[in-house]
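Visitor: structure for this input, please:
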Amino acid sequence: MDEKEFLREKEKLKSVCEKLEKEEKELNESLLKTNLHYEKDSYVKAHLDYLGHKKLIDLKNIKGKPYFARIDFKPNDEKKEELYIGKLSILDSESQKPIIIDWRAPISNLYYDRSCRKIKL
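Guide: Numbers count the residues shown, from 1 in each chain. Below is the predicted model of the structure:
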């Protein structure tokens with residue numbers, strides 16, 4: 001990896017970490033406002049709160065290393081996409097575009113399937 005590419009990846013990592021911090025802060029504020037007393041028919045609300053707390057824990061756990069790989073994906077003549085693979089999927093809260101793709105997602109197979117890789121010598 002050349003210096004220019006390294007610096008670009010360093011900025012990408014910084015950007016992802018900032019987005020994760022923002023997501024964590026927003027989620028934490030939202031969960032703090034939640035009333036944890038549920039009526040009999042509010043199972044869905046309780047489950048959504050549970051999922052919010054779980055996501056908050058997941059965000060905190062991946063802060064140090066949000067992803068472990070990048071694949072450059074260019075289907076046919078379309079624009080190249082840089083996909084970052086990590087332990088869980090994270091979407092940008094504003095655009096809903098993926099920031100990190102779960103390693104178990106089908107598209108992550110491009111990373112694991114060595115026959116799809118193009119190696120530059």
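Visitor: name the single longest helix found in the chain.
Guide: Across the chain, the helix with the greatest residue count (assigned by DSSP state H) is helix 3-32.
Visitor: what packs against that one?
Guide: The contact analysis (3 or more Cβ pairs under 8 Å, 6 or more residues apart in numbering; DSSP states H and E) places helix 3-32 against helix 43-62, strand 81-86, strand 90-91, strand 98-102. (Each C-beta comes from the backbone N, C-alpha and C, glycine too.)
Visitor: mind listing what's buried in whatever helix or strand comes next after the first one?
Guide: Read in the C-terminal direction, the helix or strand following helix 43-62 is strand 69-73, with elements assigned using DSSP states H and E. Buried residues in strand 69-73, counting neighbours by 16 or more other Cβ atoms under 10 Å, are found at residue 71.
Visitor: strand partners (parallel or antiparallel) of strand 69-73?
Guide: Take DSSP bridges as the rule and strand 69-73 pairs in its sheet with strand 81-86 (antiparallel).
Visitor: quick one: which helix or strand includes residue 94?
Guide: Short version: residue 94 belongs to no helix or strand, going by DSSP H and E.
Visitor: and it, how far is that from residue 23?
Guide: According to Cβ to Cβ, to the nearest Å, residue 94 and residue 23 sit 10 Å apart.
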